[in-house]
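[1] sequence first, then the predicted structure, then my questions.
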Amino acid sequence: MIDQMLHEAMELLLAGDMAVLAALRAQYEAAKVTSVETNSAGGYVYYAVPDSAMNLPSSCSFCFGDVVADVESLQIGVGFLLWVHNGALDALEFYPLGEPFPEEIGGYRLRYIYAVRDLGSLPRVDFQGSSRRGDGSTA
């Protein structure tokens, strides 16, 4: 069940009409999982993106996460961070919010942290070799 939760979390993280999210969705569709690490502090899913799917500038590195899961076996839930390194989808980090990560998660419900997503910190990518953060600074 954890694999399904992680996949659904990625779908929520990558939802939206921003160009950078569309680029990351295309990378995710082409990516292969290279490894999964889990422990009581959560874990990481690592991805390899084929060169043919590389569609972001190599200068583009950032992390964001506005999705959480309410999990039956946890009092508070699970958070998610998506890591992008050198223009490529790198890893999905998942972590329990204040308690050890369970061996079995049981039922869950994914949701955005806020009713309205604030994606202003994501880079605005011009796809011509540079990127700018939502505040206009370069990444």
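    Done, it's in. Numbering: from 1, shown residues only.

[2] lowest average confidence, helix or strand, in the protein?
    Lowest by mean pLDDT, DSSP states H and E among the helices and strands of the chain is strand 131-132, with a mean of 42.

[3] element containing the spatially most central residue of the chain?
    In the chain, the residue lying closest to the centroid (Cα atoms, centre = their mean) is residue 82, at 2.6 Å. Using DSSP states H and E, residue 82 sits in strand 78-85.

[4] and that strand, what does it pack onto?
    In terms of contacts (3 or more Cβ pairs under 8 Å, 6 or more residues apart in numbering; DSSP states H and E), strand 78-85 is packed against helix 2-13, strand 62-64, strand 67-71, strand 88-96. Backbone N, C-alpha and C define where each C-beta goes, glycine included.

[5] can I get the last one in PDB? Just the C-alpha atoms.
    Included here for strand 88-96 are C-alpha records, laid out as PDB according to Å, rounded to 0.1, in the frame of the first residue of the first chain:
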ATOM      1  CA  ALA A  88      16.200  16.200 -13.200                       C
ATOM      2  CA  LEU A  89      13.700  14.600 -10.900                       C
ATOM      3  CA  ASP A  90      15.900  13.200  -8.200                       C
ATOM      4  CA  ALA A  91      14.000  11.900  -5.200                       C
ATOM      5  CA  LEU A  92      10.700  11.800  -3.300                       C
ATOM      6  CA  GLU A  93      11.300  12.100   0.400                       C
ATOM      7  CA  PHE A  94       8.600  10.900   2.800                       C
ATOM      8  CA  TYR A  95       8.700  11.300   6.600                       C
ATOM      9  CA  PRO A  96       6.300  10.900   9.500                       C
END
